[in-house]
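[1] return a 3D structure for these sequence lines:
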Amino acid sequence: RFDGILAISAATEAAIRALHPGYRGHLNFVHCGVEREYFIAGAIAAAARRERGLRRSDPKFLTIGALIARKNFGWLLEVMAAWVDGGRPGTLSIVGEGNERPALETAIARLNLESRVHLLGQVDHAEKLRLLAEADVFLFPSQMEGFGFAPAEAMAFGVPAMVSNRGSLPEVVTDGQDGFVESIDHGVE
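    The predicted model follows:
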């Protein structure tokens, strides 16, 4: 017994209707995605970088998420250390708060990344949009995600997302098209 069914896409709605035609009057859908302003703001991303004097030769990496173990930001710091050790320019900004912050601060110091990795904590919506506008690549090495709004928001903004091959992330990012899906099982390369 139910009053209605809410699906997360038109495709899901159509599949349910095909299986159960009697649900027709009780079925509706809502898109699972990002707010329209991300698409509008994406059109001004390059201008925002120029305005802030960020050189295209200095890549700016960004990640957004709770600072918890499954987000795998400690692994991301190891990747950044290998990047820097290879003589490459660039910075990584990490947006979010959580119980892993002290461990990340310790790892940043141990890896000598203080000038290259910035733990920004929570930021307001306007600052989040500014950070997305400045980013070259959005990194998301999560060990498990049910959907992955942060990579979807980055891609809507025109920023390619590099995500792990775990959970639903390969459904959010099409490898080689709007970003990259990489295994996190092989360690830092």
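
[2] from here on, contacts and neighbour counts on C-alpha atoms
    Noted.

[3] next, the contact list for the most centrally placed residue in the chain, please.
    Closest to where the C-alpha atoms of the chain average out (C-alpha atoms, centre = their mean) is residue 151, at 2.9 Å. Contact analysis of residue 151 by C-alpha atoms under 8 Å, 6 or more residues apart in numbering lists 138, 139, 140, 161, 163, 172, 173.

[4] okay, who's weakest in those by pLDDT?
    Across the set of the contacts of residue 151, residue 172 stands lowest in pLDDT, at 86.

[5] near it, how many other residues are there?
    Neighbourhood size, residue 172 [other C-alpha atoms under 10 Å]: 20.

[6] so what's it up against?
    147, 148, 151, 152.

[7] give the buried residues for the helix or strand hosting residue 180.
    Residue 180 is part of strand 179-182 when elements are defined by DSSP states H and E. For strand 179-182, a neighbour-count test (16 or more other C-alpha atoms under 10 Å) marks 179, 180, 181, 182 as buried.

[8] next: stretch 109-118.
    113, 116, 117, 118.

[9] now stretch 61-74
    Neighbour-count burial for stretch 61-74, counted by 16+ other C-alpha under 10 Å, picks out 61-69, 71-74.

[10] and what of stretch 14-28?
    Within stretch 14-28, the residues scored as buried using 16+ other C-alpha under 10 Å are 14, 16, 17, 27, 28.

[11] quick check, nearest of the buried residues of stretch 109-118 to residue 99?
    Within the buried residues of stretch 109-118, the smallest distance to residue 99 is 16.6 Å, found for residue 118 (C-alpha to C-alpha).

[12] so where's the chain shaky on pLDDT?
    Applying pLDDT under 70 to the chain flags residues 1-2, 8-12, 24, 29-57, 186-189.

[13] same thing but at 50, please
    Judged by pLDDT under 50, the chain has no weakly predicted residues.

[14] residue boundaries of the strands in this protein?
    5-7, 27-29, 60-64, 91-95, 117-121, 137-140, 161-164, 179-182 (DSSP state E).

[15] for these, which one sits closest to residue 102?
    strand 117-121 (10.6 Å).

[16] show me what the closest one is packed against.
    With contacts taken as 3 or more C-alpha pairs under 8 Å, 6 or more residues apart in numbering; DSSP states H and E, strand 117-121 sits against strand 91-95.

[17] closest one of the buried residues of stretch 109-118 to residue 88?
    residue 116 (10.9 Å).

[18] what's the closest non-adjacent residue to the closest one?
    Leaving aside its sequence neighbours, residue 116 sits nearest to residue 91 (C-alpha to C-alpha, 6 or more residues apart in numbering; 4.6 Å).

[19] could you point out the longest helix of this structure?
    helix 73-85 (DSSP state H).

[20] tell me what it is packed against?
    Where contact means 3+ C-alpha pairs under 8 Å, 6+ apart, helix 73-85 is packed against helix 101-110.
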